[in-house]
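K.L.:
model this:
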Amino acid sequence: VHVFPYRHSDGRTLLITTPTVGQYAQIYDARKLIGQGAQAALLSQVPVPSEVNLKQFTRGYHDTYAQYDPATKRDLLYTAGTGGGHVFDISKAESPAYLFSMTGGEGLTSSFHTLIPTPDSRYAVSTIERPYRPMFIYDLQPGFEGKSKALNPIGAWTADWRDTPHLMVM
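P.N.:
As a prediction, the model looks like this:
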């Protein structure tokens with residue numbers, strides 16, 4: 001299980017988990033988790049979007065990342081895993097809203113390992129963690145503007161084509 005702690009704009013500390021099995025992420029209220037247990041603390045489950053062919057991809061999410069976008073005053077969740085990367089509005093953590101997805105590019109349907117946005121939520125980079133695959137770069141604006149539900153990369157980079165990028169920090 002991967003756990004990502006996040007300080008929500010409403011002041012709560014959330015723990016966003018990605019179980020090793022299951023096609024969803026879970027959002028917990030950390031304070032309730034400590035005081036009342038997992039069942040009382042579970043705020044929501046974030047499913048893999050229905051557009052993803054779950055017969056082709058059997059794994060759920062691998063990593064998650066959340067951040068507040070001051071321009072839109074929204075808490076955003078970036079998930080990486082089954083079928084690519086997916087962005088959700090978690091301003092209401094109890095009811096996440098799917099916004100759009102990113103793919104590995106034309107003909108690339110691999111699951112993402114990691115997806116990290118820039119601090120202004122305009123761009124993001126992802127890794128697939130497969131041999132000879134670069135880091136992919138995305139312009140998120142068409143997704144946030146509602147012009148596209150499936151974004152392709154605008155570029156790619158690798159330091160050495162024989163290596164595989166793993167984790168990155170923006």
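
K.L.:
from here on, contacts and neighbour counts on C-alpha atoms
P.N.:
Will do.

K.L.:
name the element R31 belongs to?
P.N.:
Assigned by DSSP states H and E, R31 belongs to helix 30-36.

K.L.:
got a list of contacts for the helix or strand following that helix?
P.N.:
From helix 30-36 onward toward the C-terminus, using DSSP H and E, the following helix or strand is helix 38-41. Identification of contacts with helix 38-41 by Cα atoms under 8 Å, 6 or more residues apart in numbering yields Y28, D29, A30, R31, K32, L33.

K.L.:
picking that back up, packing partners of the helix holding R31?
P.N.:
strand 13-18, helix 38-41 (3 or more Cα pairs under 8 Å, 6 or more residues apart in numbering; DSSP states H and E).

K.L.:
now the ones you listed in a markdown table, with distance to G146?
P.N.:
As requested, those are exported to a markdown table (distance: least, Cα to Cα, whole Å):
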| stretch | distance to G146 |
| --- | --- |
| strand 13-18 | 25 |
| helix 38-41 | 32 |
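
K.L.:
out of the ones you listed, nearest to G85?
P.N.:
Minimum separation from G85 across the helices and strands packed on helix 30-36 (Cα to Cα) falls at strand 13-18, 13.7 Å.

K.L.:
low-scoring stretches of this structure, by residue?
P.N.:
20-22, 53-59, 104-110, 130-132, 164-170 (pLDDT under 70).

K.L.:
circling back to that earlier point, point out the most buried one among the helices and strands packed on helix 30-36.
P.N.:
Counting by mean count of other Cα atoms under 10 Å, strand 13-18 has the highest mean neighbour count of the helices and strands packed on helix 30-36, with a mean of 23.
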